[in-house]
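Novice: Task: produce atomic coordinates for the following.
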Amino acid sequence: MALESYAASSSAVIDRETGAHVRFAMLDGDALVPCRVTFEALHHLFAVEGQPFDPLDLFRRYRLVVEDAAAEKHEREGATDGWIHLDDADFG
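Specialist: Model (predicted):
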């Protein structure tokens, strides 16, 4: 089944375990699938030079792009260790 946006994904947070990811969730049917995207990917893809870097703001502004990348990765590889991990290579 294809991943879908989760209505509560506006509750994205900084991943406390790594301190280097934005954590969010998507739906696979009725099951929540935890996802995270690196700060590095958000910065490389969406940050504007000279603007303050706020990973949560960038995630919120580009949420659909990030969720599309997560859905595509899930289609290709599934959820490694129960997670979908996104980095630069997953966009493009």
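Novice: going forward, measure contacts between C-alpha atoms and count neighbours the same way
Specialist: OK.
Novice: where does the protein have low pLDDT?
Specialist: Within the chain, the stretches falling below the threshold (pLDDT under 70) are 1, 8-10.
Novice: where along it do the helices fall?
Specialist: Secondary structure of the chain (DSSP state H): helices located at 39-46, 55-61, 63-77.
Novice: These into JSON lines, with extra columns for mean neighbour count and distance to T18?
Specialist: Putting the helices of the chain into JSON lines (neighbours: other C-alpha atoms under 10 Å; distance: least, C-alpha to C-alpha, whole Å) gives the following:
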{"stretch": "helix 39-46", "mean neighbour count": "17", "distance to T18": "10"}
{"stretch": "helix 55-61", "mean neighbour count": "17", "distance to T18": "14"}
{"stretch": "helix 63-77", "mean neighbour count": "17", "distance to T18": "19"}
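Novice: Would you reformat those as CSV and include distance to M26?
Specialist: Putting the helices of the chain into CSV (distance: least, C-alpha to C-alpha, whole Å) gives the following:
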stretch, distance to M26
helix 39-46, 18
helix 55-61, 14
helix 63-77, 8
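Novice: which one of the ones you listed lies closest to D28?
Specialist: When the helices of the chain are ranked by distance to D28, counting by C-alpha to C-alpha, first place goes to helix 63-77 at 9.5 Å.
Novice: now what about the closest one, what contacts it?
Specialist: Counting by C-alpha atoms under 8 Å, 6 or more residues apart in numbering, the neighbours of helix 63-77 from elsewhere in the structure are 2-5, 26, 35, 37, 59, 84-86, 90-91.
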